[in-house]
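> would you be able to build a 3D model of this:
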Amino acid sequence: MRLLDGVRTYVDGKRIGGAIYAEGIKSLSAFCRYAGNVELSSIRERQVASFLDGPHTSPVTWRQKYNVLRHFFLFWVARNAMHALPMPSPRPPVATTFVPYIYSQTKIRLLLSAVRSSQEKSGCKIDARTLRTFLLFLYGTGALVGEARGLLREDVDFKRRTIILRSNRFNRSRKIPIGPDLYKVLRRYHFTNHRKDKMRAPNFFLTKKGDALKERAVCQTFQRLRGVAGMLAMTEHAISLGCTI
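I've put the predicted structure just below:
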């Protein structure tokens, strides 16, 4: 069996099983372009290692691609399409320096109060109402940012007051109830921002142009909001001390 046929069969099986498998498809497609449509049995460890050690590959991406290829090859080794597993030795886990920051209710209120000032420039892709609703949605549901960005209008059931959250990372979905406060916020956003002439994507949260929110835009917007909220906090602190800025 050749590599392209093996990838198609493997991906079809994933999809039949209900997996989205977007990142896996990306990694397998990249390997196909690198190795060519060769026989599966001809793939060797040095080819896989050279692919994984390509330029601009972070340690996290290396491990992600490694795991995708390992499971793919194990699938075909078990079906006698390959004689051995052509995988190099795995790299040790990378120690993370990330420390999560927990926002207090006071700081969340400060962020929300800074939304309008943060988004007042015409060049902002995300309007103030969308950003505020997006933050309240994260706070009220505990959803991941990716889950919130990927939320579709059809995932929000106002009649039953439930939300379906879909995770690309784990290929799973879960249904959660909407509390009365969040229900009002989402309902208001739905009426004001879901105009048929402005919606270009099926997502619930949209940019000013009606497109889905991009990860980079959300990150940049939040960083700007933090800066504005920090300046606002400094101003309020100075006023409380009787100072001027």
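
> going by C-alpha atoms from here, please, whenever you check contacts or count neighbours.
Will do.

> quick one: which helix or strand includes the residue most central in space within the chain?
Note on the chain: the residue nearest the mean C-alpha position is residue 146, at 3.1 Å, using C-alpha atoms, centre = their mean. Secondary structure assignment for residue 146, by DSSP states H and E: helix 145-149.

> show me the shaky parts of the protein.
Low-confidence segments of the chain, defined by pLDDT under 70: 168-171, 231-245.

> give the next helix or strand downstream of the helix holding residue 146.
strand 156-157.

> for this structure, which segments are assigned as helices?
Applying DSSP state H to the chain gives helices spanning 3-16, 22-35, 45-52, 59-77, 105-113, 115-118, 128-141, 145-149, 180-193, 215-240.

> still on that earlier bit, which helices and strands sit right next to the helix holding residue 146?
Applying 3 or more C-alpha pairs under 8 Å, 6 or more residues apart in numbering; DSSP states H and E, one finds that helix 145-149 contacts helix 128-141, strand 162-167.

> make it 6 Å
strand 162-167 (3 or more C-alpha pairs under 6 Å, 6 or more residues apart in numbering; DSSP states H and E).

> who's in contact with the residue nearest to the centre of the chain?
Residues near residue 146 by C-alpha atoms under 6 Å, 6 or more residues apart in numbering: none.

> let me know the distance separating it from residue 23.
Using C-alpha to C-alpha, to the nearest Å, we find residue 146 at a distance of 14 Å from residue 23.

> next: residue 41.
In terms of C-alpha to C-alpha, residue 41 sits 24 Å off from residue 23.

> more neighbours, the two?
residue 41 (19 against 14; other C-alpha atoms under 10 Å).

> for that one, which non-adjacent residue is closest in space?
Nearest residue to residue 41 in three dimensions, chain neighbours excluded: residue 82, at 4.6 Å (C-alpha to C-alpha, 6 or more residues apart in numbering).

> just residue 86 next, same as before
Nearest non-adjacent residue to residue 86, counting by C-alpha to C-alpha, 6+ apart: residue 45, 4.3 Å away.
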